[in-house]
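> Predicted model and sequence follow; I will ask about them next.
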Amino acid sequence: MNNLNQTPNANRLHIAIYGRRNSGKSSLINALTNQQVALVSDIAGTTADPVYKAMEVRGLGACVFIDTAGFDDEGALGELRMQKTRETLPKADIAIMLFSDTDFSLEKSWLEALKSSGVPVIAVVNKSDLQDPAPLMERIRTELSLSPLAVSAVDRTGIPALLAELTRALPEGYGAESITGRLVKDGDVVMLVMPQDSEAPKGRLILPQVQTIRDLLDNRCISINVTPDTMEGALAALKAPPDLIITDSQAFKTVYEKAPKESKLTSFSVLFAAYKGDLDAYVRGAQAVERLNGQSHVLIAEACTHAPLSEDIGRVKIPNLLRKKYGKDMDIQVVSGADFPDDLTPYDLIVHCGGCMFNRKYLLSRIARAEEARVPITNYGVLLAKLNGILDSITL
């Protein structure tokens, strides 16, 4: 579990390391972080499932290093390992590709996959302390049009240059995103309406609420935290209506009816639709509910994995609302965590959570897959605003 003072993994730069078995991927992670965080062995295939290591790296800040299985693994188990490695592609913000062989056939296919996923690639010739890297580096430049770096994880030769290259490869604008910045200004009063039900166990706030409060502090706003039943009293205590009201999506209708007309109104899920995903795509997708009927197929996708709760918004409340409006026999399937169907075409609508447990790169890849399959996709907050008839009245 993340310490409360740590940056959530979903907000960290994801750096994936790819290469053949025993090419030194784990050793390179240890050298980059200057810690023994990955298991190193001379036995090929030591790394099975991808290993995610959250670290703070000088010059890069909060990162997650993804140590993957070798993409030349063999046999039935090897194919399963490589499938797990493929699943890291849409999560990677930056990729490091290790070269240790003069045959580039496997590397070429993985480079093409990374290019298709929009991932910048840094080529590295590792173990340069064991052999002259110059011939292999020249071949990489000539045949693959990459500018490789020579690195030794043993004596850390080339590590400073690699860290500098990682910094240069940062996606444009990375780390500058704000959850609320487009809706607030210095000194704004913001009211947060947060139902404290079974989804928010005693003594804790859910992650989107915590991150939004911190973001408001960064934007020098004054935040007032209330529950739906204390909202009216808080409004009466203020000299003027709040500039912005942010509510949990499940309380959208109640809060909308109580909110002053002068106040902008949105929800945590709508904020995260823009912060982590594609708000315009979600708004377009929400219009598809008008075409649903009792025979429609809906997929609900949650980023986190947890046991279903009686008040669960994704597994209980949204399905109940949809079936009440369009028919009790509507087919609604729920997936969680990394589970997401390969074939999306059977669905008439995909409803995604805010995605606070995913990095933005991964959530955008899901949206792109839905659009490629011509399946409308929306998220919890946008859908609930649409179902409550207030989508045109809230602030997006």
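Sure thing, it's come through. Fair warning: this is a prediction, and the values are worked out from it, not measured in the lab. Numbers count the residues shown, from 1 in each chain.
> use CA for all of it now, contacts and neighbours both
Will do.
> Where does pLDDT dip in the stretch 51-200 of the chain?
Judged against pLDDT under 70, the low-scoring parts of the stretch 51-200 of the chain cover residues 129, 197-200.
> Let me see the ranges of the strands in it.
Along the stretch 51-200 of the chain, counting by DSSP state E, counting those that start in this stretch, strands occupy 51-57, 61-67, 94-99, 121-125, 149-150, 189-193.
> CSV for the ones you listed, including mean neighbour count?
Output for the strands of the stretch 51-200 of the chain, formatted as CSV (neighbours: other C-alpha atoms under 10 Å):
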stretch, mean neighbour count
strand 51-57, 17
strand 61-67, 22
strand 94-99, 23
strand 121-125, 23
strand 149-150, 21
strand 189-193, 24
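> what are the ranges of the strands in the stretch 251-396 of the chain?
With DSSP E, counting those that start in this stretch as the criterion, the stretch 251-396 of the chain has strands spanning 264-267, 297-302, 331-336, 349-352, 377-379.
> For residue 216, which of those strands is the nearest?
Between residue 216 and those, the tightest spacing by C-alpha to C-alpha is seen for strand 264-267, at 14.0 Å.
> Listing partners with orientation, what would you give for that closest one?
Partners of strand 264-267 in the sheet, by DSSP bridges, are strand 244-247 (parallel).
> Of all the strands of the stretch 51-200 of the chain, which one is nearest residue 338?
Per C-alpha to C-alpha, nearest to residue 338 of these: strand 51-57, 13.8 Å.
> That closest one packs against which elements?
On a contact count with 3 or more C-alpha pairs under 8 Å, 6 or more residues apart in numbering; DSSP states H and E, strand 51-57 meets helix 25-33, strand 61-67.
> Give the pairing partners of it; include direction for each.
When DSSP bridges is applied, strand 51-57 pairs with strand 61-67 (antiparallel).
> if you go through the stretch 251-396 of the chain in chain order, where are the helices?
Along the stretch 251-396 of the chain, counting by DSSP state H, counting those that start in this stretch, helices occupy 252-258, 268-275, 279-286, 318-326, 360-372, 380-387.
> just to revisit the earlier point, need the helices and strands packed on strand 51-57 in TSV with distance to residue 131, can you?
Shown next, in TSV, are the helices and strands packed on strand 51-57 (distance: least, C-alpha to C-alpha, whole Å):
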stretch	distance to residue 131
helix 25-33	16
strand 61-67	24
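> among the ones you listed, which is nearest residue 205?
Comparing the helices and strands packed on strand 51-57 against residue 205 with C-alpha to C-alpha, the closest turns out to be strand 61-67 (22.4 Å).
> distance between the closest one and the chain's centre?
The chain centroid and the centroid of strand 61-67 are separated by 14 Å, computed with C-alpha atoms, centre = their mean, to the nearest Å.
> can you offset everything so residue one is 23?
Sure thing, new numbering starts at 23, so read that last one as strand 83-89.
> Sketch out the low-pLDDT regions of the stretch 223-372 of the chain for me.
If you take pLDDT under 70 as the line, the stretch 223-372 of the chain has these spans: 223-225, 327-333.
> and with 50 instead?
Scanning the stretch 223-372 of the chain for pLDDT under 50 picks out nothing.
> for the strands of the stretch 273-418 of the chain, which one ends up most surrounded?
strand 399-401 (a mean of 30; mean count of other C-alpha atoms under 10 Å).
> Outside of that one itself, which residues are in contact with it?
291-292, 295, 303-308, 371-376, 389, 392-393 (C-alpha atoms under 8 Å, 6 or more residues apart in numbering).
> And stretch 248-256, by the same measure?
With C-alpha under 8 Å, 6+ apart as the criterion, stretch 248-256 contacts 213, 214, 215, 216, 217, 218, 273, 276, 277, 280.
> try 7 Å
Residues from elsewhere that reach stretch 248-256 (C-alpha atoms under 7 Å, 6 or more residues apart in numbering): 214, 215, 216, 217, 277.
> Can I get those in a markdown table including distance to residue 339?
Output for the contacts of stretch 248-256, formatted as a markdown table (distance: C-alpha to C-alpha, whole Å):
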| residue | distance to residue 339 |
| --- | --- |
| 214 | 21 |
| 215 | 18 |
| 216 | 16 |
| 217 | 14 |
| 277 | 17 |
